[in-house]
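Here is a sequence with its predicted model. Questions after.
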Amino acid sequence: MYTTIPHHFPNALTIRQLEDQIVRDFMDKGLELKSSLWATSLCSDEVNNMFPEFYHLFAGPGPFILGGISGLPFTGITGLKAFLSHVPTHGAAMILYGPHIGVSEDGQIGRVNRQNQFASSTCCGSLVAALNAIKENKAPSTDFPLDYQQARVIQHLSGYKNEIESAEVPLKKVTELAYEAIHKKMHDILEQVQNDLEDIRLYLLGGIVINTDWNRYDYFEVHHQEFYEF
């Protein structure tokens, strides 16, 4: 783990370092964290509930959940409009978004040891399942209502089959492609809600969450950050 993460994610920050960066960024803009609300578009996996410090930084309760499995912002325009309507008057907002990938203590990419489990399990399970479906040319119908989120995940990735299979670490490539899909979708949605952003300063922070075993600290590799002001 301690060599795998620096090799594959050289710019990864610990969650505590990420917190410090967010505080600095808000202070540099003269913004009050206690007058700011936060949201996430991360995978539904419970291992991504590793931001307890953020609960004390921002106005609460939070976060507002924009993401579904894999981290795609499945709540769409309606979800983002709802989140923005909850922001404190004359306040700010932050959206933390991206996919996640596990790295176990013994350096396995795509696996973590979860508390009270005797063996490691997949992480991100949605992206591992999507990778397997793409390898086997199994594309589920996007009209299947009982698993539509996973069908959408596969749909976003299936056009990159050759790129994925030729990658040194296919799951890492899938995770990077998922990030690009989440990033694009988030900005597409933002374009549709600009009227709701009036008088709100929005901080976007996108990247990849790197989960580790349950008794180790997690990481976040920042890929994109910007303040929106309308």
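Sure thing, it's come through.

any idea where the strands of the protein begin and end?
When assigned using DSSP state E, the strands of the chain occupy the ranges 12-14, 36-41, 64-65, 92-97, 100-102, 111-112, 121-122, 201-211, 219-229.

What strands line up against the last one, and which way round?
In the sheet, strand 219-229 lines up against strand 12-14 (antiparallel), strand 201-211 (antiparallel) (DSSP bridges).

before we move on, what about the third one?
When sheet partners are counted by DSSP bridges, strand 64-65 sits next to strand 36-41 (parallel).

when you compare where the partner strand runs with where strand 92-97 runs, what's the angle?
For the pair strand 36-41 and strand 92-97, the angle between their directions (axes from the mean of the first three to the mean of the last three Cα atoms, to 10 degrees) equals 20 degrees.

What score does Tyr2 have for pLDDT?
pLDDT, the model's per-residue confidence, is 72 for Tyr2.

what does Ser141 give?
In the predicted model, Ser141 carries a pLDDT score of 67.

let's number from 48 now, not from 1
Understood, numbering begins at 48; the last thing we discussed is Ser188.

buried sites along stretch 231-251?
Counting neighbours by 16 or more other Cβ atoms under 10 Å, one finds that the buried residues in stretch 231-251 are Lys232, Met233, Ile236, Leu237, Val240, Asp243, Leu244, Ile247, Arg248, Leu249, Tyr250, Leu251. (Each C-beta comes from the backbone N, C-alpha and C, glycine too.)

The fourth one: what's it in contact with?
For Leu237, the set of contacting residues under the criterion of Cβ atoms under 8 Å, 6 or more residues apart in numbering consists of Leu127, Leu244, Leu249, Tyr275.

okay if I get the buried residues of stretch 231-251 as CSV plus distance to Phe73 and pLDDT?
Written out in CSV, the entries for those read as follows (distance: Cβ to Cβ, whole Å; pLDDT from 0 to 100):
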residue, distance to Phe73, pLDDT
Lys232, 25, 98
Met233, 20, 98
Ile236, 23, 98
Leu237, 19, 97
Val240, 22, 96
Asp243, 21, 93
Leu244, 17, 92
Ile247, 14, 93
Arg248, 9, 95
Leu249, 12, 97
Tyr250, 7, 97
Leu251, 13, 98
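
who are the neighbours of the worst-scoring helix or strand of the chain on mean pLDDT, in terms of helices and strands?
Ranked by mean pLDDT, DSSP states H and E, the weakest helix or strand in the chain is helix 99-104, scoring a mean of 86. Helices and strands in packing contact with helix 99-104 are listed as helix 62-75; criterion 3 or more Cβ pairs under 8 Å, 6 or more residues apart in numbering; DSSP states H and E.

Let me see the residues that make contact with the helix it packs on.
Under the contact criterion Cβ under 8 Å, 6+ apart, helix 62-75 has outside partners 60, 79-80, 83, 97-98, 100-101, 104, 139, 141, 250, 252, 264-267, 269, 272, 274.

Now restrict those to buried residues only.
The neighbour-count criterion (16+ other Cβ under 10 Å) marks 60, 80, 83, 97-98, 101, 104, 139, 141, 250, 252, 265-267 among the contacts of helix 62-75 as buried.

just to revisit the earlier point, looking at the strands paired with strand 266-276, which is nearest to Ile148?
Ranking the strands paired with strand 266-276 by distance to Ile148, with Cβ to Cβ as the measure, places strand 248-258 first at 6.0 Å.

Look up how far Tyr266 lies from the closest residue to Glu273 other than its chain neighbours.
Setting aside the residues directly before and after it, Glu273 is nearest to Leu251 in space (Cβ to Cβ, 6 or more residues apart in numbering), at 5.4 Å. Distance, Leu251 to Tyr266, using Cβ to Cβ, to the nearest Å: 19 Å.
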